[in-house]
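Sequence first, then the predicted structure:
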Amino acid sequence: MTTQSTSENKTADRKSLVVQALANLVETGDVDALAPHLSDDFVHHRPDSTRSTKAEWLASVGAALPHLAGMEVEVQHVLADDDHVVMHSRRRLPEAGEGN
């Protein structure tokens, strides 16, 4: 096996890990299971230019999940370079019923 193939396999594994971790989070709501997959210098970047640290992001996700029951997540892009993985996803919430 060549070095390039090994590197490509590691990159694919990392991308798969990130997608699976997100799927598990949405399915189970277990924020603590996600924490070991994030580096201590993790930064969450939002389109509105705000950022949050690992602890801040995990806390906000934990607080938001109970209100997001039925949320669907569609992964648009997963990019990886060495041990850095970036995901672009779209989230959809179920429509509120009548009177909500």
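Received it, and whenever you're ready, just let me know what you need.

Now do the buried residues in the worst-scoring helix or strand of the chain on mean pLDDT.
The helix or strand with the lowest mean pLDDT-type score in the chain, counting by mean pLDDT, DSSP states H and E, is helix 3-28 (a mean of 84). Residues of helix 3-28 classed as buried by neighbour count (16 or more other C-beta atoms under 10 Å): 11, 14-15, 18-19, 21-22, 25-26. (Glycine included, C-beta is placed from N, CA and C.)

Show me which pair in those residues is furthest apart.
With C-beta to C-beta as the measure, no two of the buried residues of helix 3-28 lie farther apart than Thr11 and Val26, at 23.4 Å.

all strands of the protein, in order?
When secondary structure is read from DSSP state E, the chain shows strands at 43-45, 51-53, 72-81, 84-92.

so which of the buried residues of helix 3-28 comes closest to Gly62?
Nearest to Gly62 out of the buried residues of helix 3-28 is Leu25 (C-beta to C-beta; 9.9 Å).

so how far is stretch 85-94 from its chain's centroid?
Here stretch 85-94 is found 8 Å from its chain centre; the criterion is C-alpha atoms, centre = their mean, to the nearest Å.

and what of stretch 6-24?
When distances are taken as C-alpha atoms, centre = their mean, stretch 6-24 is centred 11 Å away from the chain's centroid.

Contacts for it next, please.
Contacts with stretch 6-24, where a contact means C-beta atoms under 8 Å, 6 or more residues apart in numbering, come from 30, 33-34, 37, 73, 75, 78-83, 85, 87, 89.

Closest one of those to His45?
Within these, distances to His45 taken as C-beta to C-beta reach their minimum at Met87, with 11.0 Å.

What's opposite the closest one in the beta bridge?
Note on Met87: beta-bridge partners Val78, judged by DSSP bridges.

count of neighbours near it?
Using other C-beta atoms under 10 Å, Met87 is surrounded by 16 other residues.

Any figure for the gap between the residue minimising distance to the centre of the chain and Thr6?
For the chain, Leu22 is the residue whose C-alpha lies nearest the centre (C-alpha atoms, centre = their mean; 4.5 Å). Taking C-beta to C-beta, to the nearest Å as the measure, Leu22 and Thr6 are separated by 25 Å.

With that, I have no additional questions.
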